[in-house]
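Colleague: Here is a sequence with its predicted model. Questions after.
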Amino acid sequence: MAKHETPLLDQLESGPWPSFVSDLKQEAAARAKNEKNIEYQVPVDVVEDLLGVLELSFKDGTTHWKHGGIVGVFGYGGGVIGRYCDQPETFPGVAHFHTMRVNQPAGKFYKTDFLKNLCDLWEFRGSGLTNMHGSTGDIVLLGTTTPQLEEIFYELTHKYNQDLGGSGSNLRTPADCIGQARCEYACYDTQDLCHTLTQEYQDELHRPAFPYKFKFKFDGCPNCCVASIARSDMSFIGTWKDDIRIDQDAVKGYVNGDFKPNAGAHAGRDWGAFDIQKEVIDLCPTECMKYEDGKLAINNKECTRCMHCINVMPRALRPGKETGCSILVGAKAPILDGAQMGSLLVPFVEVNKENDYEAIKEVIEAVWDWWMEEGKNRERLGELMKRQGFQKLLEATGIKPVPQHVQEPRHNPYIFWKEEEVEGGWDRDINEFRKHHKR
Amino acid sequence: MELEEAKEKIVEALNKKAKTKSKFYFNDLSKILELKPREAKKLISKLVEDEVLVYWSSGSTTMYGLKGAGKQAAAEHED
Ligand code: HEM
Ligand code: HEM
Ligand code: SF4
Ligand code: SF4
């Protein structure tokens, strides 16, 4: 018998999709039964009370959570998000219901024993509810009490060699696509770059001193599987400088129907025979391809690396060999308003392990210096870029303007010169002037 | 700037405003210290380590306060 009646939540279970309400009920029942005889460190009915308070919120049309608090583990300014219920008498199980963010491994590679241990730890010292992986990318452990925080942190770091992630005004847990581990499109080693920068910027990650949150995300190619272009203040997207590699025989193979286009994806329906003109050439956004006399030609100067042709014919086409990444800045994705995609700052930079990613760190640190000094409280990088202008960002990073930075024709007809750009500067000799111009 | 001096400046400035405010942005603190953010951060992190200051976080924004000042569980707009 459920502790609280939840008719509004029950209704959510009637839809066609699996419901988080069913998951919550399942965990509530498992805790009540406690078949594994766990010595629960947070109230056994935490999940019951979570269901109860959520039902009440639906009824009242308002939240019953308080946002934030002075919770955390010693020395860290992030990783723990304080949540308190404003109805603690009715729902004592969730009086404290803090979220912990755990830094997921690069590429999200796990061994099952790690996951088991993590779940066991969370059943013992938390609510048992997790969110694998939050929109930030981290392992999100939902719901524990203040006294448990240090205990959990100790076990994570000492037993499982596992750190907390970021929250608040700091560098958030960096996230990357699976990259070269499994994906042949990857133009650089996303996992190594993600891991290296996570280690390098530990101070930025754990001791918040930025105006607001800051996110890094790493995609091995423009397919952008972690959506870095939309979700990170700074995104690193794999790209190449030279030509798309073409295997003409394999192109013919696709045309003749020997290979399934899109590696067999979208095969749930009969789309008819593969038509290279209609499905590839005509869909190239820059119209830089042609297929004539059984030969595919690409005008690589015009190609924007959209990945479409490569995705359709992966056996025949591959990214070039001279690979690196583009850096885009200023994306943000608040739910209510102001979502914005990244703007291209660095069209191409080498991703070089040998010199410890020197060229990339240089850009990162210049951007941070600018934003830390000029950014207002709670102003994301993308907002500062809009407020002060892209040109200021170029000056701050010492990057020369190039055509790739231009998004649209200018809408301001004036050109404002700086003094150092004008021969003789602004000063004039007033006596010289008076010689020719009377008062 | 020495740590002691930074501590005095911060404690004095924050106590002065204690009636109306218990939480401050990082920028407010670096302004009190009249230092660039990176320089200020070293001192402010040390003050947190010494438990003079504590972090307060909404989850998305971090603020700083004197240890013991303000409420443990308070929303951003409640203060
Ligand atoms: C119908 C119910 C729910 C919906 C539609 C929903 C939707 C969402 C969405 C859209 C996000 C991403 C927000 C963003 O960062 O852009 C999110 C994140 C999150 N949700 Fe939910 N949610 C629901 C229920 C819950 C419940 C019951 C909990 C906790 C008990 C929860 C905890 C979280 C947390 C902690 C995150 C942040 C994860 C992270 O990115 O680190 N959500 N949710
Ligand atoms: C009406 C109810 C709520 C409102 C209006 C609300 C609003 C917000 C807003 C504006 C943010 C910042 C989003 C951003 O990152 O830009 C946020 C973040 C968050 N909220 Fe809430 N929230 C609500 C309920 C909850 C509840 C019930 C929980 C957990 C039990 C929760 C957990 C979180 C977490 C974990 C974050 C993520 C912080 C981060 O991304 O750094 N929120 N919420
Ligand atoms: S972003 Fe590109 S490289 Fe990374 S997993 Fe996706 S397709 Fe592969
Ligand atoms: S990657 Fe995109 S832009 Fe480049 S040739 Fe292929 S379809 Fe055209």
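Modeller: Structure received. Ligands and ions are numbered 1, 2, ... in the order given.
Colleague: Okay, buried residues for the lengthiest helix in chain A please.
Modeller: Using DSSP state H, we find that the single longest helix of chain A is helix A:358-374. Neighbour counts over helix A:358-374 (16 or more other C-beta atoms under 10 Å in any protein chain shown) mark A:Ile360, A:Val363, A:Ile364, A:Val367, A:Trp368, A:Trp370, A:Trp371, A:Met372 as buried. (Glycine included, C-beta is placed from N, CA and C.)
Colleague: export those residues to CSV and tack on distance to chain B?
Modeller: Formatted as CSV, the buried residues of helix A:358-374 follow (distance: C-beta to the nearest C-beta, whole Å):
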residue, distance to chain B
A:Ile360, 19
A:Val363, 17
A:Ile364, 14
A:Val367, 13
A:Trp368, 9
A:Trp370, 11
A:Trp371, 9
A:Met372, 4
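Colleague: Please tell me how far the residue of chain B found nearest ligand 4 sits from A:Lys215.
Modeller: In chain B, the residue found nearest to ligand 4 is B:Ser60; the distance is 36.4 Å by C-beta to the nearest ligand atom. For B:Ser60, the distance to A:Lys215 equals 12 Å [C-beta to C-beta, to the nearest Å].
Colleague: before we move on, back to that, tell me which two of the buried residues of helix A:358-374 sit farthest apart.
Modeller: A:Ile360 and A:Met372 (18.5 Å; C-beta to C-beta).
Colleague: interface residues of the stretch 1-150 of chain A facing ligand 2?
Modeller: When proximity is defined as C-beta under 6 Å from any ligand atom, the stretch 1-150 of chain A approaches ligand 2 at A:Thr63, A:Trp65, A:His67, A:Ile81, A:Arg83, A:Phe97, A:Thr99.
Colleague: and the fourth one, what is it in contact with?
Modeller: With C-beta atoms under 8 Å, 6 or more residues apart in numbering or on different chains as the criterion, the residues that contact A:Ile81 are A:Gly68, A:His98, A:Thr99, A:Met100, A:Arg101, A:Ser167, B:Ser57, B:Gly59.
Colleague: mind running it again at 10 Å?
Modeller: A:67-69, A:71-72, A:97-101, A:140, A:142, A:167-168, B:57-60 (C-beta atoms under 10 Å, 6 or more residues apart in numbering or on different chains).
Colleague: Ok, the second one next?
Modeller: Applying C-beta under 10 Å, 6+ apart, we find A:Trp65 in contact with A:Val53, A:Leu54, A:Ser57, A:Arg83, A:Tyr84, A:Cys85, A:Asp86, A:Gln87, A:Val94, A:Phe97, B:Ala75.
Colleague: Apply 6 Å and report the result again.
Modeller: A:Arg83 (C-beta atoms under 6 Å, 6 or more residues apart in numbering or on different chains).
Colleague: Per-residue pLDDT of it, please?
Modeller: In this model, A:Trp65 is scored at 94, pLDDT.
Colleague: burial of the residue in chain A positioned nearest to ligand 2, as a residue count?
Modeller: Going by C-beta to the nearest ligand atom, ligand 2 is nearest to A:Thr63 of chain A, at 3.2 Å. Residues lying near A:Thr63 (other C-beta atoms under 10 Å in any protein chain shown) number 13.
Colleague: of the contacts of A:Ile81, list those near ligand 1.
Modeller: Answer for these near ligand 1 (C-beta under 6 Å from any ligand atom): A:Thr99, A:Val140, A:Leu142.
Colleague: Give the ChimeraX command for selecting the buried subset of those residues.
Modeller: The buried subset of these, as determined by 16+ other C-beta under 10 Å, is captured in ChimeraX by this line:
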select /A:99,140,142
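Colleague: Could you point out the helix or strand that follows the helix or strand containing A:Lys25?
Modeller: Secondary structure from DSSP states H and E places A:Lys25 in helix A:20-33. Downstream of helix A:20-33, the first helix or strand assigned by DSSP H and E is helix A:46-60.
Colleague: Can you list the buried residues in that following helix?
Modeller: Neighbour count says helix A:46-60 has A:Val46, A:Val47, A:Glu48, A:Asp49, A:Leu50, A:Leu51, A:Gly52, A:Val53, A:Leu54, A:Glu55, A:Leu56 buried, by 16+ other C-beta under 10 Å.
Colleague: Who are the contact partners of the residue in the stretch 251-400 of chain A that ligand 3 sits nearest to?
Modeller: Proximity of the stretch 251-400 of chain A to ligand 3 (C-beta to the nearest ligand atom) peaks at A:Met307, 7.6 Å away. By C-beta under 6 Å, 6+ apart, the contact set of A:Met307 is A:Pro222, A:Asn223.
Colleague: Below-threshold pLDDT in the chain: ranges please.
Modeller: If you meant another chain, say so; for now it's chain A. A:1 (pLDDT under 70).
Colleague: wait, chain B
Modeller: Within chain B, the stretches with pLDDT under 70 are B:70-79.
Colleague: One more pass at 80, please.
Modeller: Residue ranges of chain B with pLDDT under 80: B:1, B:69-79.
Colleague: Is the one residue sitting closest to the centre of chain B bridged to anything, and to what?
Modeller: Centroid check for chain B by C-alpha atoms, centre = their mean gives B:Tyr64 as the closest residue, at 3.7 Å. Beta-bridge partners of B:Tyr64, counted by DSSP bridges, are B:Phe24, B:Tyr55.
Colleague: what's the distance between it and A:Met100?
Modeller: 21 Å.
Colleague: wait, isn't A:Arg305 in contact with A:Trp240?
Modeller: No. Counting by C-beta atoms under 6 Å, A:Arg305 stays clear of A:Trp240, with 7.0 Å between them.
Colleague: Alpha carbons only: can I get the helix or strand hosting A:Ser326 in PDB?
Modeller: Assigned by DSSP H and E, A:Ser326 falls within strand A:323-329. Extracted C-alpha coordinates of strand A:323-329, given in PDB (Å, rounded to 0.1, in the frame of the first residue of the first chain):
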ATOM      1  CA  THR A 323      42.500  16.400 -39.100                       C
ATOM      2  CA  GLY A 324      42.100  18.700 -36.100                       C
ATOM      3  CA  CYS A 325      39.100  20.500 -34.600                       C
ATOM      4  CA  SER A 326      37.100  23.700 -34.900                       C
ATOM      5  CA  ILE A 327      36.400  25.700 -31.700                       C
ATOM      6  CA  LEU A 328      33.000  27.300 -31.300                       C
ATOM      7  CA  VAL A 329      31.900  29.400 -28.400                       C
END
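Colleague: Please determine how far A:Arg83 is located from chain B.
Modeller: A:Arg83 is 8 Å from chain B, where distance means C-beta to the nearest C-beta, to the nearest Å.
Colleague: so that residue bridges to which residues?
Modeller: According to DSSP bridges, beta-bridge pairing links A:Arg83 with A:His67.
Colleague: From the structure, what's the count of residues near it?
Modeller: By the criterion of other C-beta under 10 Å, A:Arg83 has 21 neighbours.
Colleague: Now do the contacts for it.
Modeller: A:Trp65, A:Phe97, A:His98 are the contacts of A:Arg83 under C-beta under 6 Å, 6+ apart.
Colleague: One more pass at 8 Å, please.
Modeller: A:Arg83 neighbours (C-beta under 8 Å, 6+ apart): A:Trp65, A:Lys66, A:His67, A:Gly69, A:His96, A:Phe97, A:His98, A:Thr99, A:Gly143, B:Gly59.
Colleague: wait, doesn't the third one sit right on B:Thr61?
Modeller: No. Under the criterion of C-beta atoms under 8 Å, A:His67 is not in contact with B:Thr61, lying 9.7 Å apart.
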